[in-house]
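Novice: Give me coordinates for this.
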Amino acid sequence: MVNDSDVINNQIISDINKIGMFLAKRDLNQLSCEELHNKYGIMKADIILLLGNSITNTIEVVQRAFKDGIANKIMVVGGIGHSTSYLINNVEDNNEYQAIETRDKAEADIINNILINVYGISETDIIRENKSTNCGDNAYKAYDMLKALDIEAQSIILIQDPTMQLRSDASFRKVWRDEDKVKFINYAPFLPKVKLFNDQIKLENTNIEGIWKVDRYLSLIMGEIPRLKDDEYGYGPKGKYFIEHVDIPEEMIEAYLRIEPTLKKYLDMRKIV
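Specialist: Next up is the predicted model:
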């Protein structure tokens, strides 16, 4: 058995949680009409937009907020991508979703069926885009679909896997950069946190349906900071320009540099066992 205390200490745990909170962007303290009004002066958004991901808890968060009146429409975006197999596994493992067909289905189709058949959302309240295959493509195809449907949304609440919330925001800001009236409001559905328990690294969020295995979570956050950096290797304007510029505080860069070699060693050790 790998003993995490051989490679993980309290500083590393703190740094992981710092980065996790940074990636899980929230513009609202809570997903409610009252909070939306207090911060943005509106009682509801035009659209609550759920980006395809593997965590089934995000579907529950969106349907509950929609029923509470947070938005006029739900938009679900996502084709078949790297998270689709994880979503399918989580849907098949969820007792409430047993009747949902998943075989060869796009993420948006699976989520759409859950919203309608499990949570009773009307099909007319949902806009579905099921062709996009990655974070940047999500934004482009969502934009194109809203334009094709002649829907002029001025306020869009983005909901995504917490590890990809910040990058999704940057992707949408890039695609909508000429749409000055559109406001994106981010709400990561939960805030990930890890701890060291019995010499093993664990996620504290034990009540989240479909949450990642801890090794996958660590791999995901390790990949995000290099992507977000606005340099020749990153996704920002100075690099591949998949996303708009993201301000990364120096303390986050320092945290990443501390955890990068340690987590690489840790994940390599886990593969051996």
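
Novice: what secondary structure does Asp180 sit in?
Specialist: Three-state assignment for Asp180 (DSSP: H, G, I helix; E, B strand; the rest coil): coil.

Novice: now do Ile156
Specialist: strand.

Novice: That one bridge partners, please.
Specialist: On the basis of DSSP bridges, Ile156 is bridged to Ile47, Phe184.

Novice: Need the per-residue pLDDT for it.
Specialist: Ile156 is assigned 98 on the pLDDT scale.

Novice: was I right about it contacting Leu51?
Specialist: No. Between Ile156 and Leu51 there is no contact under Cβ atoms under 8 Å: 11.1 Å. From N, CA and C alone the C-beta is placed, and that goes for glycine too.

Novice: Counting neighbours, go ahead and name the busier of those two.
Specialist: Leu51 (28 against 22; other Cβ atoms under 10 Å).

Novice: need the contact list for that one.
Specialist: Val77, Gly78, Cys135, Asn138, Leu158, Ile159, Gln160, Asp161, Met164, Ser168 (Cβ atoms under 8 Å, 6 or more residues apart in numbering).

Novice: pLDDT-wise, what's the bottom of those residues?
Specialist: Lowest pLDDT among those: Cys135, 91.

Novice: Tell me how far it lies from Gly78.
Specialist: Distance of Cys135 to Gly78, computed by Cβ to Cβ, to the nearest Å: 10 Å.

Novice: So the two - more neighbours on which side?
Specialist: Between Cys135 and Gly78, Gly78 has the larger neighbour count (other Cβ under 10 Å), namely 30 against 20.

Novice: how much space between that one and Gly52?
Specialist: 2 Å.

Novice: Which helix or which strand is home to Gly234?
Specialist: Using DSSP states H and E, Gly234 sits within no helix or strand.

Novice: pretty sure it contacts Lys240?
Specialist: Yes. Taking contacts as Cβ under 8 Å, Gly234 lies within contact range of Lys240: 7.2 Å.

Novice: Same drill for these two, tell me which one is more crowded.
Specialist: More crowded of Gly234 and Lys240, by other Cβ under 10 Å: Gly234, with 21 against 13.

Novice: ok, back up a step: would a markdown table of the contacts of Leu51 with secondary structure be doable?
Specialist: Listed next are those as a markdown table, based on three-state DSSP:
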| residue | secondary structure |
| --- | --- |
| Val77 | strand |
| Gly78 | coil |
| Cys135 | helix |
| Asn138 | helix |
| Leu158 | strand |
| Ile159 | strand |
| Gln160 | coil |
| Asp161 | coil |
| Met164 | helix |
| Ser168 | helix |
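
Novice: so which two of the residues you listed are the farthest from each other?
Specialist: Among the contacts of Leu51, the pair separated by the greatest distance (Cβ to Cβ) is Cys135 and Ile159, at 13.7 Å.

Novice: Can you name the residues that contact the residue lying closest to Pro249 once chain neighbours are set aside?
Specialist: Among residues not flanking Pro249 along the chain, Phe22 sits closest, at 7.7 Å (Cβ to Cβ, 6 or more residues apart in numbering). When contacts are counted by Cβ under 8 Å, 6+ apart, Phe22 touches Leu166, Ile248, Pro249, Met252.

Novice: neighbour-wise, which of those residues leads?
Specialist: Leu166 (22 neighbours).

Novice: my guess is that one meets Leu23, correct?
Specialist: Yes. With contact defined as Cβ under 8 Å, Leu166 reaches Leu23; the gap is 5.0 Å.

Novice: which residues do those two both contact?
Specialist: Glu224.

Novice: biggest separation within the contacts of Phe22, which pair?
Specialist: Taking Cβ to Cβ as the measure, the contacts of Phe22 have their most distant pair in Leu166 and Pro249, spaced 12.1 Å apart.

Novice: Please consider this matter closed, and thank you.
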